[in-house]
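Peer 1: predicted structure and sequence below. I'll ask about it afterward.
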Amino acid sequence: MLDWYKDAIFYEVSVKAFADSNGDGIGDLRGLIGKLDYLRDLGVDALWLLPIFPSPLRDDGYDVADYTGIHPNFGTLEDFKALLVEAHKRDLRIIVELVVNHTSDQHPWFQASRDPQHPEHARYRDWYVWSDTDQRYTGTRIIFLDTEPSNWTFDPVRGQYFWHRFFSHQPDLNYDNPEVQKAMLRVVQHWIDLGVDGFRIDAPPYLYEREGTNCENLPETHAYLKRLRAFVDAYAPGTFLLSEANMWPEDVIQYFGDGDEVHMNYHFPLMPRIFMALAKANRAPILAIMARTPDLPAPCQWGTFLRCHDELTLEMVTPEDRAFMWDFYAPEPRMRLNLGIRRRLAPLLDNDRRRIEVANSMLLTLIGSPFIYYGDEIGMGDNIWLNDRDGVRTPMQWDAGPNAGFSDAPAARLYSPVIDDAVFGYRQVNVAAQRADDGSLWHWMQRVLRIRKQHPVFGRGTLHFLEPYNSAILAYVRSDGAQTILVFNNLSAESQQVTVDLRAYRGKVPRDVLTDVVWDSIGGTPYTFTIAPYGYHWLALE
Ligand code: NOJ
Ligand code: CA
């Protein structure tokens, strides 16, 4: 099916962190291949791989030094081809990163661009955004606030400033240059030729700069993304494009075009509001953002997530809400980073199984296609004392053996220490223990993923909110031609009385698809029931 992404469950995997096959302390492609059966058993459909390209790894590979190769830490192009074959055998799709906006300062394009003595300088001179002054585009915000004082950095070799929206070792490419435009299409072609199923387009809002604007979401940027889409449609129809536009709904909607730009965007503003609604035991933040969320062109889909490899971003909330979120979820200063929170899902939710379940209930039923961050299926913890975002990128915890079963290397050689604290340490939290325990979070995740997939209405149906009087209840109806499912989530730590007008469904009998319990049929009076603390029900009407 061409629109497979509407039914898919995505799994975000850091190759570095997943499994080390050769004992050098770093996860690799062969290691990941060895875990594909695990991922198939869990029930995911597509793997989004964090960057695997040659890179100085100063931004974990988002600083690309060669768009066509594989970083030797992770293996070879042959290993990557083997991964594609093995993944496809198991009906798993592979999505790779397309870091369009910037390269590493070690990329040969930048090296040639910065150095007038370089033999290829004439060709690459205008591949980056150079300026004699750092006073251009002053209306542009800084994203990595904790490390970068400016979006301009002076390069002594060239004697000019270069523009960068992220780290100062990540110069932005100059998309006004037609050669740059073509070069990125050739990168796309290269990975399509190898057999990838799609791309996650990193940081797309920042491709062009124009004086007098905030240099985000510019019409020129959309024109280029449409060209990229037209290219993949012509070259390899069905190639999937996912964009990481961390923007308000009215801006992000532009990235779908008329169905002729990208297939999927993450819904960034929804994510913090799921946490806010749980913290306040009130559905209002979710209703407010969904009211601002436009319908999508037919072939398009939202991508939803609770956590990812970055800090939990609070860019898309008001300053008051950000202060609330920081107070509630990041009481220690070290938990904060840039405009966000560097913690994983389970620690954020106090390792409370009920809260983890109800958060996932919303993730899996509210809208779009869900993304699960590696390790969150077992409730892995974090290490806020590691640098930058490294604390949410620690080795996957496979078992209670040395190095959590991640690697045979001496512990001191691992790319990162494993989590080893009393609550989240690998002896307590690991895949082997949870797979051996029917009541574990892992088994719960496996079951709810399967049930979600048995009901395509969750990926494709319409969404309509019910507004029971009790505002601690988030309730909605997902519906398509074949099925109607009512979802109730209790956002509070107390059991709640729910009274809801379901007269539109009079005569129907609700069946909870998670437990198979059949409920009282719906009559002509308000429907009333009690919902457990942080309880949730997915009720199919039959
Ligand atoms: C977004 C990525 O998710 C993040 O990890 C990275 O640092 C920036 N883009 C810059 O590429
Ligand atoms: Ca390795």
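Peer 2: All right, it came through fine. Residues are numbered from 1 along each chain as shown. Ligands and ions are numbered 1, 2, ... in the order given.
Peer 1: would you confirm that Pro395 contacts Phe406?
Peer 2: Yes: with contact defined as Cβ atoms under 8 Å, Pro395 and Phe406 form a contacting pair (3.9 Å). For every residue, glycine as well, the C-beta is placed using N, CA and C.
Peer 1: give me the common contacts of the two.
Peer 2: 17, 27, 414, 418 (Cβ atoms under 8 Å, 6 or more residues apart in numbering).
Peer 1: so the residue most central in space within the chain, which of the three states?
Peer 2: By Cα atoms, centre = their mean, the mean C-alpha position of the chain lies nearest to Cys308, the distance being 5.0 Å. The three-state assignment at Cys308 reads coil, by DSSP: H, G, I helix; E, B strand; the rest coil.
Peer 1: which residues touch it?
Peer 2: 12, 371, 373.
Peer 1: which of those residues fall within strands?
Peer 2: If you go by DSSP state E, the contacts of Cys308 have 12, 371, 373 in strands.
Peer 1: re earlier: tell me which two of the shared contacts of Pro395 and Phe406 sit farthest apart.
Peer 2: Gly27 and Val418 (12.0 Å; Cβ to Cβ).
Peer 1: which residues do those two both contact?
Peer 2: 395, 406.
Peer 1: between these two, which has more neighbouring residues?
Peer 2: Applying other Cβ atoms under 10 Å to Gly27 and Val418 shows that Gly27 carries more neighbours, namely 26 against 22.
Peer 1: report pLDDT for that one.
Peer 2: We have a pLDDT of 98 for Gly27.
Peer 1: the helices in the stretch 251-400 of the chain, which residues?
Peer 2: Using DSSP state H, counting those that start in this stretch, the helices assigned to the stretch 251-400 of the chain run over residues 270-280, 284-291, 319-329, 345-348, 353-365.
Peer 1: the residue in the stretch 151-300 of the chain that ligand 2 sits nearest to: neighbouring residues, count only.
Peer 2: In the stretch 151-300 of the chain, the residue that lies nearest ligand 2 is Leu194 (20.9 Å; Cβ to the ion). Here the number of neighbours of Leu194 (other Cβ under 10 Å) works out to 14.
Peer 1: what's the distance between the closest residue to ligand 1 within the chain and Val96?
Peer 2: Per Cβ to the nearest ligand atom, Tyr62 is where the chain lies closest to ligand 1, at 3.3 Å. From Tyr62 across to Val96, the span is 13 Å (Cβ to Cβ, to the nearest Å).
Peer 1: follow-up on the earlier one: closest one of the ones in strands among the contacts of Cys308 to ligand 2?
Peer 2: For the ones in strands among the contacts of Cys308, the nearest to ligand 2 is Glu12 (19.6 Å; Cβ to the ion).
Peer 1: list the beta-bridge partners for the closest one.
Peer 2: Beta-bridge partners recorded for Glu12 (DSSP bridges): Trp48, Tyr373.
Peer 1: OK, contacts around it?
Peer 2: When the contact criterion is Cβ under 8 Å, 6+ apart, the partners of Glu12 are 47-48, 50, 305, 308-309, 371-374.
Peer 1: need phi/psi at Ile219.
Peer 2: Careful, residue 219 is Pro and not Ile. Recorded main-chain torsions at Pro219 are phi -60, psi -40, according to degrees, to the nearest 10.
Peer 1: about what we covered before: now the contacts of Cys308 as JSON lines including distance to ligand 1?
Peer 2: Shown next, in JSON lines, are these (distance: Cβ to the nearest ligand atom, whole Å):
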{"residue": "Glu12", "distance to ligand 1": "10"}
{"residue": "Phe371", "distance to ligand 1": "12"}
{"residue": "Tyr373", "distance to ligand 1": "12"}
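Peer 1: where does pLDDT dip in the protein?
Peer 2: Within the chain, no stretch has pLDDT under 70.
Peer 1: got the residues of it near ligand 1?
Peer 2: 59, 62, 99, 166, 202-203, 244, 309-310 (Cβ under 6 Å from any ligand atom).
Peer 1: so Arg511 sits in a strand?
Peer 2: Yes: counting by three-state DSSP, Arg511 is part of a strand.
Peer 1: hmm, it is touching Val518, no?
Peer 2: Yes: here Arg511 reaches Val518: they are 5.0 Å apart, a contact under Cβ under 8 Å.
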